[in-house]
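Asks: whatever this is, show me its structure:
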Amino acid sequence: MNTTYRFCPSCASELALLSLEEDGGPKTRLRCPACGFTHWNNPTPVLAAVIECVDREGQVLLARNAAWPGRFFGLITGFMEAGETPEEGIRREVAEETSLQVERLQLLGVWDFQRMNQVIIAYHAEARGEIRLSPELAEYKLIAPEKVRCWPQGTGQALATWLRSKGIEPQWLE
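Replies: Residues are numbered from 1 along each chain as shown. Sure thing, here's the model as predicted:
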């Protein structure tokens, strides 16, 4: 359970783990004993894209986030913003982080990423243009689909799903 919230955003009283009857039984959540505010701690929607660079022989773009330790390269991801659809959000994220323009999107699926309390909504994005990384990304790689290695976490599952859709059996990082 995420207990990073300490104080009520409505009345500033200290939150406490309290059980109340909810749909189907008692549920313990961070709640305000003074005003009744509940911190629901619902998962955050995260958007991800398997970017196929159609003007670079269909190579897949993987990027390394500047904040990540080590040299792990992953999919382009980002948070959905209020007022946008998932499709609008992933087009925006791809443009902001890589300067590529998405020409076509296809939903790959939805995966849970419980360690981060997130739900990943992943797309295959056919894109083109000159790659210019935002400061959020340190570097990128373009890799032929048959040479891509997948990872076991949520976005790695999305990449594996896309590879299978192309008739390629995914290879996994050890």
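Asks: now residue 166. Nearest residue, chain neighbours left out?
Replies: Beyond its immediate neighbours in the sequence, the residue positioned closest to residue 166 (CB to CB, 6 or more residues apart in numbering) is residue 145, lying 6.0 Å away. In this view, the C-beta of every residue, glycine as well, is placed from N, C-alpha and C.
Asks: can you check residue 79 too?
Replies: Taking CB to CB, 6+ apart as the measure, residue 79 lies nearest to residue 46, with 6.1 Å between them; neighbours along the chain are not counted.
Asks: need the contact list for the one you found.
Replies: The contact partners of residue 46, taken as CB atoms under 8 Å, 6 or more residues apart in numbering, are 77-80, 113, 116, 118-121.
Asks: what about 7 Å?
Replies: For residue 46, the set of contacting residues under the criterion of CB atoms under 7 Å, 6 or more residues apart in numbering consists of 77, 79, 118-120.
Asks: so how far is the helix or strand containing it off the chain centroid?
Replies: Secondary-structure assignment from DSSP states H and E places residue 46 in strand 44-53. For strand 44-53, the distance between its averaged C-alpha position and the chain's averaged C-alpha position is 6 Å (CA atoms, centre = their mean, to the nearest Å).
Asks: buried residues of that strand, list them for me.
Replies: When burial is assessed from 16 or more other CB atoms under 10 Å, strand 44-53 yields the following buried residues: 46-53.
Asks: can you check stretch 149-166 too?
Replies: By neighbour count, with 16+ other CB under 10 Å as the criterion, the buried positions of stretch 149-166 are 150-151, 154-163.
Asks: got it, and stretch 89-99?
Replies: Residues of stretch 89-99 classed as buried under the neighbour-count rule (16+ other CB under 10 Å) are 89-94, 97-98.
Asks: swap in stretch 135-153?
Replies: 137, 140, 145, 148, 150-151.
Asks: which of the residues you listed fall in strands?
Replies: Counting by DSSP state E, the buried residues of stretch 135-153 place 137, 140, 150 in strands.
Asks: okay, and the beta partners of the most centrally placed residue in the chain?
Replies: Averaging the C-alpha coordinates of the chain gives a centre point, and the residue nearest to it by CA atoms, centre = their mean is residue 46 (3.5 Å). Partner residues in beta bridges with residue 46, using DSSP bridges, are residue 79, residue 120.
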